[in-house]
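Asks: I need the structure of the sequence given here:
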Amino acid sequence: MSDPSATLPGTTLADVLRVQIIDGAFSPGQRLSEAALAERLDVSRNTLREAFRVLAQLGLVEHVPHRGVSVASPSTADVVDIYRARRLIECGVLRDASALHPGVAAMRAALDRAERAEAGADWPAVGSANMSFHIALVSLADSPRLARAHDQLAAELRLAFLAIDDPEALHRPFVAKNRAVLEALEGQGPEAAAAELERYLIDSERRVLGAFSRLRRH
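Replies: Numbering: from 1, shown residues only. Below is the predicted model of the structure:
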């Protein structure tokens, strides 16, 4: 059998499935049929099970005895913990950041993409660009370990976003907030940028938790 990730050196089946999950190819809570996926991806079941094991460690899938593997469905407690970790990482990075770091250009490029997508009302693209902004922000620390930790948080958060059926209300407000963070870093310094980001993340958490609360009432 051929590995669908073989065209990208260093890419594993778990990487391929991870991208598909966070891009919304599967819904949170959706059962992943081992037989159907193995056939569609043209891989052995053993290879697929190993990929599931890796994804479970990343918090992206869950194995339920006698029911198989499903895409993880983040709980309210998960969202609270994700945002707690984001504040520790992202605000900590900003407090020690330099506006001259090359990662600032990547933040600006992500913000430009988000604003173009906002103008076209492409809310999934806005969400992806917003997340790219925060990935670029963490790159200001020049720490591969922090980047990996944040990358996992971002993937889990995307699952929470996928469960919310109003992407405009979720993503639109934070385009301007990302610009405020960037302008604070460039114009006022790292402490002001970190304070702006702290308010931003608290607001974002409240919005996501509010959306989760409404979902559970329906």
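Asks: any idea how far the residue most central in space within the chain lies from Lys177?
Replies: Central residue of the chain (C-alpha atoms, centre = their mean): Ala154, 2.6 Å from the mean position. Distance of Ala154 to Lys177, given as C-beta to C-beta, to the nearest Å: 17 Å. Just so you know, the C-beta spots here come from the backbone N, C-alpha and C atoms, and that holds for glycine as well.
Asks: same question, Ala105
Replies: 19 Å.
Asks: now Arg40
Replies: 39 Å.
Asks: mind checking the SS state of Arg108?
Replies: Using DSSP: H, G, I helix; E, B strand; the rest coil as the criterion, the local structure at Arg108 reads helix.
Asks: Now do the buried residues in stretch 54-73.
Replies: Val54, Leu55, Gly59, Leu60, Val61, Glu62, Val69, Ser70, Val71, Ala72 (16 or more other C-beta atoms under 10 Å).
Asks: How many residues are close by Ala99?
Replies: 15 (other C-beta atoms under 10 Å).
Asks: Let me see the contact set for it.
Replies: Neighbour list for Ala99: Leu185, Glu186, Gly189, Pro190 [criterion: C-beta atoms under 8 Å, 6 or more residues apart in numbering].
Asks: Now the terminal residues of stretch 98-109, how far apart.
Replies: Start and end residues of stretch 98-109 are separated by 17 Å (C-alpha to C-alpha, to the nearest Å).
Asks: Could you give the separation of that stretch from the chain centroid?
Replies: When distances are taken as C-alpha atoms, centre = their mean, to the nearest Å, stretch 98-109 is centred 20 Å away from the chain's centroid.
Asks: How about stretch 59-74?
Replies: Distance, centroid of stretch 59-74 to centroid of chain: 18 Å (C-alpha atoms, centre = their mean).
Asks: mind checking how far Leu100 is from Leu182?
Replies: Distance from Leu100 to Leu182, by C-beta to C-beta: 14 Å.
Asks: Mind jotting down where the helices sit in the protein?
Replies: For the chain, the helices defined by DSSP state H occupy 13-22, 34-41, 45-57, 76-86, 92-95, 103-119, 123-138, 144-162, 167-171, 173-187, 190-217.
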